[in-house]
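> Predicted coordinates and the sequence they were generated for:
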Amino acid sequence: MTTWITICETCKTGEIGPEGAPGAQLASQIEKAAQGRVKTRRHNCLMGCKTACNVTIQAAGKIGYTLGKFAPSPEDAAAIVDYAEMHQASDTGQVPFRQWPQGVKGHFITRHPALPDQDAS
């Protein structure tokens, strides 16, 4: 299954730069790091303003996660993409803590159970 990183592009916590709000800056960094590795998409507000900059990592049939409190930096973007690749390689979306990139530790906000199969009652 394809793992997607959904990036809140409107997070405004921090300094507005030439690329726009910090969320847009992080989105640009993640898109660069993710090329050919995992899919990305931007979203207008993930409603996590207290923990900006936020991303959601998810795939059909797998547990998903929302992470936040990132800087719009190449290092944070690389850690997010590295974790998303591990999520993609996992059958369930769960990645053992010992394998997590250091850059995502302490950034997990919520876990989202996989949606049931449409045919499930």
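Received the coordinates, thanks.
> So Thr10, which state does it fall into?
Following DSSP: H, G, I helix; E, B strand; the rest coil, the label given to Thr10 is coil.
> Pro22 is in contact with that one, correct?
No - with the criterion set as CB atoms under 8 Å, Thr10 and Pro22 do not qualify as a contacting pair; they are 9.6 Å apart. The C-beta positions use only the backbone N, C-alpha and C, and glycine is treated the same way.
> more crowded one of the two?
Per other CB atoms under 10 Å, whichever of Thr10 and Pro22 has more neighbours is Pro22, with 24 against 20.
> Check the separation of the first and last residues in stretch 34-43.
The first and last residues of stretch 34-43 sit 16 Å apart, counting by CA to CA, to the nearest Å.
> cool, stretch 29-46 as well?
The first and last residues of stretch 29-46 sit 18 Å apart, counting by CA to CA.
> Same check on stretch 24-42?
With CA to CA as the measure, the first residue of stretch 24-42 is 8 Å from its last.
> Against which helices or strands is the longest helix anywhere in the chain packed?
In the chain, taking DSSP state H as the definition, the longest helix is helix 74-89. Here helix 74-89 touches strand 4-8, helix 22-34, strand 55-58, strand 64-67, going by 3 or more CB pairs under 8 Å, 6 or more residues apart in numbering; DSSP states H and E.
> in it, what's buried?
76-88 (16 or more other CB atoms under 10 Å).
> Would you check which pair of these lies furthest apart?
Within the buried residues of helix 74-89, Asp76 and Gln88 form the most distant pair, 18.8 Å apart (CB to CB).
> which ones are touching Ala33?
In this structure, Ala33 makes contact with Pro74, Ala77, Ala78, Ile80, Val81, judged by CB atoms under 8 Å, 6 or more residues apart in numbering.
> For the closest residue to Glu19 other than its chain neighbours, the count of nearby residues, please.
With CB to CB, 6 or more residues apart in numbering as the criterion, Glu19 has its nearest non-adjacent residue at 4.7 Å, and that residue is Gln25. For Gln25, the tally of surrounding residues (other CB under 10 Å) stands at 23.
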